[in-house]
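**Student:** I'd like to go over a predicted model; first the sequence, then the structure.
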Amino acid sequence: QVQLDESGGGLVQAGGSLRLSCAASGRTFEIYAMGWFRQAPGNEREFVAAISRSAEITRYADSVKGRFTISRDNAKNTVSLQMNSLKPEDTAVYYCAADGSARYYPSRGSMDYAYWGQGTQVTVSS
């Protein structure tokens, strides 16, 4: 099993920045791509960003491209999401996810991620 533990959420004003972190533990050797998803009240969970195991390939939702940056440190089993120029519409619970299957491109689909964290709240005030 793999456990994922997110941190770094909070309340920030529009235009501000936050950095989310996710620490993996357990059978971390099973982890390939890692991703971030978010879910706002009344909405479905949506893809935010993902990164391949080697960190060479990253993918972003159009809504965050140019503002968010995903990175990972395999030596520390962590993945981070740097969020800049935050907007009120970025308000959501953010989830870290890990894919246990090898894929060339990190998936945008939540169904491809076997492991999930409990989520961390990000609130952006206008």
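**Tutor:** Okay, I see it. All values reported here derive from a predicted model rather than from experimental measurement.

**Student:** the nearest residue to Thr28 once chain neighbours are set aside: neighbour count?
**Tutor:** The shortest distance from Thr28 to any non-neighbouring residue, by Cβ to Cβ, 6 or more residues apart in numbering, is to Asn77 (4.8 Å). C-betas here are computed from N, CA, C, even on glycine. Asn77 has 19 neighbours, counted by other Cβ atoms under 10 Å.

**Student:** and the pLDDT at Asn77?
**Tutor:** Here the pLDDT value assigned to Asn77 is 95.

**Student:** isn't it right next to Ala23, touching?
**Tutor:** Yes. With contact defined as Cβ atoms under 8 Å, Asn77 and Ala23 form a contacting pair (6.4 Å).

**Student:** now the residue nearest to Thr28: how far from Phe47?
**Tutor:** Remark: distance between Asn77 and Phe47 (Cβ to Cβ, to the nearest Å) = 22 Å.

**Student:** ok, Thr58 next?
**Tutor:** Separation of Thr58 from Phe47 (Cβ to Cβ) stands at 12 Å.

**Student:** who has more neighbours out of these two?
**Tutor:** Phe47 (21 against 17).

**Student:** if I look at that one, how far off is Gln3?
**Tutor:** Taking Cβ to Cβ as the measure, Phe47 falls 22 Å from Gln3.

**Student:** same question for Glu89.
**Tutor:** As judged by Cβ to Cβ, Glu89 and Gln3 stand 30 Å apart.

**Student:** so between those two, which is more surrounded?
**Tutor:** Counted by other Cβ under 10 Å, Glu89 and Gln3 do not tie: Gln3 has more neighbours, with 15 against 11.

**Student:** the more buried one against Gly26, yeah?
**Tutor:** Yes. Under the criterion of Cβ under 8 Å, Gln3 makes contact with Gly26 at 4.9 Å.

**Student:** number of residues surrounding the residue nearest to Ser85 when sequence neighbours are not counted?
**Tutor:** Closest residue in space to Ser85, ignoring its immediate chain neighbours: Arg67 at 4.7 Å, by Cβ to Cβ, 6+ apart. Neighbour count of Arg67, defined by other Cβ under 10 Å: 15.
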